[in-house]
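A.B. asks: Fold the following and give me the result.
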Amino acid sequence: MDTQRLILLFIFGFSVLMLWDAWEKEHRPKPATPAVMTQPAPGASKPSAAAAAGVRGAGIPQATSAPEKGEIVRVQTDLVVAEIDTAGATLKRVELLKHKDATDVSKNFELLGPEHHYEAQSGIAGEAGPNHRTLWQTKPGDYTLKPGQDVVEVRLTAVARDGVTVDKVYTFHRDSYAIGVALEVHNQGTAAVTPYAYFQLTHDGKADATGNSMAQSFGARSFTGFAAYSDEHKYQKEAPSDIDKGKMDLVKQANNGWLAFVQHYFVSAWLPPEGLAREYVLEKRPDAVYVGRLLVPMPTIAPGASARVSVPLYSGPQEQRRLEAAAPGFDRVVDYGLLDIIARPLFWLLQKFHEYSGNWGVAIILLTVFIKLLFFPLSAASYKSMARMKLITPRLTKIRETYAHDRQKMNQAMMELYKTEKINPLGGCFPILIQIPVFISLYWMLLAAIELRHAPFVLWIHDLSALDPYFVLPLLMTCTMVLQTRMNPTPPDPVQAKVMQFMPFVFSIFFFFFPAGLVLYWLVNNILSILQQWQIQRMFNRDKPAHAKR
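C.D. replies: Sure thing, here's the model as predicted:
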């Protein structure tokens, strides 16, 4: 009995340590950003000979040079409002019409924007340009997606040296967060040119405010920084602090994959087509803004000829179905933690239940019931073991009293009792240990799923990713934990019994800081566990042998 309780206490303590570590990582003060000059990725290979000299330095202008003043071109589709500045033909702002701001639900969420110097820039590298500091020209017009229209296109033009003209074409699609970005180079000069295109994302590296969402809930943590994917290296992440320290291990060259800036719930990524050679560069500019860049070589263009390179930009929510359709491995930006292999099937099931019910809260309840049924035999074994232990608790107490001063004889007598009654004192622990990975996976899955962000349940629960505003679910959760404790066998050791008595109240404190969706899962799970344990205990009380009644 002692061993069983100690293992349960160990499990509880380990869970608390995990939650505390997660809280520390999310809320600890961010390290001061050192004022360093541009830091190219250590060991990064140089551009091909066809690229202009200084592609990583002078070939791509820094923020220290004063930009020319441009005009804002506003584009609206069914999902986004985008703003393109003709100064650089830069995508300056992306507002998501289907997602609300974390701190003010009356406003739409702004993904790209000036708050974090978050922009999508592109151009031609080298002194000739044109680049994201050049003034581009476009035709005035209405760039709103009309009913029955599927595409809105914005074309901007700039003239480089030596008679080279470049068109930058943005293409916005209905029901899509993927934006086509193409550079068309027209050589109207007298000599052949070999341009080098670049596509980059800029960000100050600071985590976005998450208001009362899961990211601010106790125990939540999310990655904010650059990420890349390739067939060879798979999914890689680089935090801004890694760039500061020069400790980067990102892929340098590839002909597949993508480059992204990832934050909780949302992502922006350049998605070059498969087979297109590209180089990856991460650096920090003198103005303390981080840059993730793709460098793409273009073919040699003879006089009078043209060439085109297209690299789509995804800028939107981390919705699984959209990420999977956008690019191979792109769904990896959704962070399900170390137990990703378990969490992804769980989310797939959650989606199926949502398709059936139409409500994410109901889907969580159905998923909880499914998991409970899946582990029913293990749970039954655990509760049967507890029921047997409860029956012999008076006899264990008597043994403790009899051999209070001889621990060796006490242990021998207890083991003899276990053997006689055919009880494994650890029988109630092993089923719990097997289920722990599933519980942890579900925890991180619920934290990462944007589908639960601002998703209502019933009555007062308007956001399953936020705290219960009236703490009804945590209070109910506390009641179920107290009831479960009283249904379990009382430890013979008075100190241990006291600890177990207060444990539900200590553990329930955490649930007051958990999002409603997670508390809902634990509440339903506890209710089902109580019903199962009550039924098994009732069966044992009815069928218990006569000597157990003594």
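
A.B. asks: Start from the N-terminal end of the stretch 1-150 of the chain and give the helices.
C.D. replies: 2-27 (DSSP state H, counting those that start in this stretch).

A.B. asks: quick one: low-confidence parts of it?
C.D. replies: 1-59, 61-68, 128 (pLDDT under 70).

A.B. asks: In three-state terms, label the spatially most central residue of the chain for me.
C.D. replies: Among the residues of the chain, the one closest to the centroid is D335, at 3.6 Å (CA atoms, centre = their mean). Assigned by DSSP: H, G, I helix; E, B strand; the rest coil, the conformation of D335 is coil.

A.B. asks: Now do the same contact list for it.
C.D. replies: By CB atoms under 8 Å, 6 or more residues apart in numbering, the residues touching D335 are S222, F223, V262, W444, A448. For every residue, glycine as well, the C-beta is placed using N, CA and C.

A.B. asks: top of those by neighbour count?
C.D. replies: Most neighbours among the contacts of D335, by other CB atoms under 10 Å: A448, with 24 neighbours.

A.B. asks: Could I get the contacts of D335 in TSV, plus columns for pLDDT, secondary structure and distance to A269?
C.D. replies: Shown next, in TSV, are the contacts of D335 (pLDDT from 0 to 100; DSSP: H, G, I helix; E, B strand; the rest coil; distance: CB to CB, whole Å):
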residue	pLDDT	secondary structure	distance to A269
S222	76	coil	16
F223	86	coil	14
V262	95	strand	8
W444	84	helix	22
A448	86	helix	17
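
A.B. asks: Need the max-distance pair from the residues you listed.
C.D. replies: V262 and W444 (15.3 Å; CB to CB).

A.B. asks: follow-up on the earlier one: so the residue nearest to the centre of the chain versus Q535, what's the distance?
C.D. replies: 39 Å (CB to CB, to the nearest Å).

A.B. asks: what do you get for E421?
C.D. replies: 21 Å.

A.B. asks: Counting neighbours, go ahead and name the busier of those two.
C.D. replies: Legend: neighbour count by other CB under 10 Å for E421 and Q535, higher for E421 (15 against 12).

A.B. asks: quick one: pLDDT of the more buried one?
C.D. replies: Per-residue pLDDT puts E421 at 73.

A.B. asks: and L366, which of the three is it?
C.D. replies: L366 ends up helix, using three-state DSSP.

A.B. asks: That one: how many residues sit nearby?
C.D. replies: 19.

A.B. asks: so which helix or strand takes in the closest residue to it other than its chain neighbours?
C.D. replies: Closest residue in space to L366, ignoring its immediate chain neighbours: F353 at 4.2 Å, by CB to CB, 6 or more residues apart in numbering. Per DSSP states H and E: F353 is located in helix 340-357.

A.B. asks: quick one: P394 and T157, what's the gap?
C.D. replies: 90 Å.

A.B. asks: Between these two, which has more neighbouring residues?
C.D. replies: T157 (17 against 14).

A.B. asks: Who does the more buried one form a beta bridge with?
C.D. replies: Q137, D167 (DSSP bridges).

A.B. asks: my guess is it contacts T165, does it?
C.D. replies: Yes: counting by CB atoms under 8 Å, T165 is a contact partner of T157 at 6.5 Å.

A.B. asks: Can you get me a residue count around the nearest residue to H116 once chain neighbours are set aside?
C.D. replies: The shortest distance from H116 to any non-neighbouring residue, by CB to CB, 6+ apart, is to D204 (4.8 Å). Burial of D204 is recorded as 14 neighbouring residues (other CB under 10 Å).

A.B. asks: And S315, by the same measure?
C.D. replies: Counted with other CB under 10 Å, S315 comes out at 23.

A.B. asks: Also the one 10 residues further on?
C.D. replies: A325: 12 surrounding residues under other CB under 10 Å.

A.B. asks: just to revisit the earlier point, so what pLDDT did the residue nearest to H116 get?
C.D. replies: At D204, pLDDT is 94.

A.B. asks: for it, what are its contacts?
C.D. replies: H116, H117, Y118, A288, V289, Y290.

A.B. asks: Mind doing that once more with 10 Å?
C.D. replies: D204 makes contact with T33, E115, H116, H117, Y118, P240, D287, A288, V289, Y290, according to CB atoms under 10 Å, 6 or more residues apart in numbering.

A.B. asks: Just the buried ones from the residues you listed, in ChimeraX syntax?
C.D. replies: The ChimeraX command for the buried members of the contacts of D204 (criterion: 16 or more other CB atoms under 10 Å) is given here:
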select :116,117,118,240,288,289,290
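
A.B. asks: Include distance to P328 when you put the contacts of D204 into JSON lines, please.
C.D. replies: Formatted as JSON lines, those follow (distance: CB to CB, whole Å):
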{"residue": "T33", "distance to P328": "34"}
{"residue": "E115", "distance to P328": "31"}
{"residue": "H116", "distance to P328": "28"}
{"residue": "H117", "distance to P328": "30"}
{"residue": "Y118", "distance to P328": "25"}
{"residue": "P240", "distance to P328": "26"}
{"residue": "D287", "distance to P328": "34"}
{"residue": "A288", "distance to P328": "33"}
{"residue": "V289", "distance to P328": "29"}
{"residue": "Y290", "distance to P328": "25"}
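
A.B. asks: Is it correct that A327 is in contact with E274?
C.D. replies: Yes: with contact defined as CB atoms under 10 Å, A327 reaches E274; the gap is 8.9 Å.

A.B. asks: buried ones in stretch 82-98?
C.D. replies: 82-96.

A.B. asks: How much space separates P394 from K419?
C.D. replies: 18 Å.

A.B. asks: same question but for W534, I mixed them up
C.D. replies: From W534 to K419 the distance is 29 Å (CB to CB).

A.B. asks: And those two? Which one has more around it.
C.D. replies: Neighbour totals were compared for W534 and K419, and W534 leads with 13 against 9 (other CB under 10 Å).

A.B. asks: quick one: that one is in a strand?
C.D. replies: No: according to three-state DSSP, W534 belongs to no strand; its state is helix.

A.B. asks: Hmm, it is touching L483, no?
C.D. replies: Yes: counting by CB under 10 Å, W534 touches L483, with 9.4 Å between them.

A.B. asks: Would you map the strands across the stretch 101-250 of the chain?
C.D. replies: With DSSP state E, counting those that start in this stretch as the criterion, the stretch 101-250 of the chain has strands at 108-112, 119-124, 137-138, 143-144, 151-159, 164-173, 178-187, 196-203, 225-230, 234-238.

A.B. asks: ok, what's across the strand from the closest residue to G113 other than its chain neighbours?
C.D. replies: Leaving aside its chain neighbours, G113 sits nearest to R93 (4.9 Å; criterion: CB to CB, 6+ apart). Here R93 shows beta-bridge partners E83, assigned using DSSP bridges.

A.B. asks: Quick one: residues contacting R93.
C.D. replies: By CB under 10 Å, 6+ apart, the neighbours of R93 are 72, 74, 80-85, 110-115, 118-119.

A.B. asks: please redo it, this time with the cut-off set to 8 Å
C.D. replies: With CB under 8 Å, 6+ apart, R93 has these contacts: V81, A82, E83, E110, L112, G113, P114.
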